[in-house]
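Mind looking at a prediction? Sequence and model below.
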Amino acid sequence: MKKPQFDGITLVTGAAGFMGSHLVEYLVNQGVKVRATSRPRNDVSFFNKLGVEYVPSDLTKPETLPALFRGHVDRVFHLGAICNFSTPYEVLYKTNVQGVDYITTLCLQHGVKRYIHVGSTSVYGYYTGTPFTETSPRNPQDSYGKSKRDGEDIVWKKIDMGLPGIITRPCTVYGPRCNDGAGKVFSRPAKISAIPGSGRQLLSNVRAEDVAKAVYHLSHIDDAIGQAYNIADDSHPTLQEALVLAAEAFGTKAPSVHVPLFLMKLLAKADGFISGRKGKIPDIEYDAVKYLYADYVVDNSKLKATGFTFDYPDFAQSIMQIAKLN
C-alpha cells in the first residue's frame, strides 16, 4: 500500500473534546505539526502544554473556518460534532451535517491530501442479529444517528467530487478523561446501582487511544480513500460483565439487581425532563436505553486487514489499566 507523506499542518477539529484531545496527544507524540480547533474557550492550557497551536472556531459559523486553513494544511481529522441522544435534530444538523459541508468544502478548495471523518456506528441503527460491517444498511432510528448518517452523506458526495476522504465509525469509546457518553461508566468510578435488563447483552467498545491510533494509521493508506472503517476492539463483554468489572476496578460497589428495561425508559424520560429544564444532558438518555434491548456487536476485520493492531484489544485488561492510572 502506498503511503503519502504529510509535511504540512494537520488540523484537528473537535480537539477539546474527549476523543479529540487523545488524537492531539497521539499526533504530537508522532512528531506531527498540529493545529487544534474547537469552539472558543478560556482554558487552552492543555494545548499550550503540548506545544500545539490552538485556533478557535465554530462549525455553525462558517466565517470562522477559513482561518483554520492558513498556511499549508495537508491533512484534516474531523471530530467536531455534538454527541448525545438528547439534542433535537434541527440543532444537531447545524454542526453534524452543515458543519461537515463547510469543512469538506474548504478541504477541496485548499487541496488537502487527506480528510479523515470520525463518525459513529450509530449510523447503523439498532442491532438486527448479525455483527455490523461497513456494508451493513445504515438505518438510524434516533436524531443523533440520523445526523451522523447525513453528515457521512456529505462526505461521500465530496469524495465523488475529488475529496481524498476516509470515513471511520468508532463504537462506544471509553478511556481516561471520558466524562460523556456511554463510555463514561467504564472510564471512572461510577455509582451504578442496577443492571439494565438481563445484563447478557453483548457490547462493542474501543479505547480512545486506539481510535487515535486507527485514524492516524488509515490516513497514511491511499487505498483507504473512499472507504469506511469500523473501529471496535476484539472483545465483546456482556453488559453485566462490563459493569461489574468497572466497579471492581474502580473500587465501587458492583451492581447486582436487575432493572427491567421498560422501567429504565421511564426513568430516562423523567431524567430527561428534569435535565432539560436545567439545560443539561441527562445521565440516562431515553434513546440510548433502546440500544440495550439487544446485543451490539461491531465487526473490525476490515480495519485489521489493513495491518492495524490494537494497543488495547482486551476490554477487561484495559479497564484494569485505566484504574491504575486513577
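Nice, thanks for sending it over.

which stretches of the protein form strands?
Here the chain has its strands, by DSSP state E, at 9-13, 34-36, 53-54, 73-78, 114-118, 165-170, 172-174, 194-196, 205-207, 228-231, 257-259.

other SSEs contacting the second one?
What that stands for is strand 34-36. strand 9-13, helix 18-29, strand 53-54 (3 or more CB pairs under 8 Å, 6 or more residues apart in numbering; DSSP states H and E). C-beta: built from backbone N, CA, C; applies to glycine.

For Tyr93, give its distance to Ile116.
Separation of Tyr93 from Ile116 (CB to CB, to the nearest Å): 22 Å.

repeat for Asp160
For Asp160 relative to Ile116 (CB to CB), the value is 17 Å.

Look at the two and report which has more neighbours.
Each of Asp160 and Ile116 has its neighbours counted (other CB atoms under 10 Å); Ile116 has more, 25 against 10.

what pLDDT does that one get?
Ile116 is assigned 98 on the pLDDT scale.

does Arg169 really touch Val123, like I thought?
Yes - look at Arg169 against Val123 with CB atoms under 8 Å: they come within range, at 6.6 Å.

Specify the beta-bridge partners of the most far-flung residue of the chain relative to its centre.
Within the chain, the residue lying farthest from the chain centre (CA atoms, centre = their mean) is Val257, at 30.2 Å. Counting by DSSP bridges, Val257 forms beta bridges with Ala194.

In this structure it contacts Gly197, no?
No - using CB under 8 Å as the test, Val257 is too far from Gly197 to be in contact (11.8 Å).

Now do the contacts for the closest residue in space to Ile284 that isn't next to it in sequence.
Taking CB to CB, 6 or more residues apart in numbering, and ignoring the residues beside it in sequence, Ile284 has Ala268 as its nearest neighbour in space, at 4.3 Å. Taking CB atoms under 8 Å, 6 or more residues apart in numbering as the contact definition, Ala268 lies against Pro282, Ile284, Glu285, Tyr286, Ala288, Val289.

Quick check, pLDDT for Ala268.
83.

separation between it and Thr172?
Computed as CB to CB, the Ala268 to Thr172 distance reads 17 Å.

again, but for Lys278
Computed as CB to CB, the Lys278 to Thr172 distance reads 25 Å.

Around the nearest residue to Glu209 once chain neighbours are set aside, how many other residues sit close by?
Using CB to CB, 6+ apart and skipping the chain neighbours, the partner closest in space to Glu209 is His22 (5.8 Å). Residues contacting His22 under the criterion other CB under 10 Å number 23.

And for Tyr144?
By other CB under 10 Å, the residues close to Tyr144 number 24.

That one contacts Asp287, correct?
Yes - counting by CB under 8 Å, Asp287 is a contact partner of Tyr144 at 7.2 Å.

Now do the contacts for Ala288.
Applying CB under 8 Å, 6+ apart to Ala288 gives the contacts Phe85, Ala182, Ala268.

between the residues you listed, which is nearest Asn29?
Ala182 (27.0 Å; CB to CB).

is it true that that closest one touches Cys171?
No - here Ala182 lies out of contact with Cys171, judged by CB under 8 Å, at a distance of 9.5 Å.
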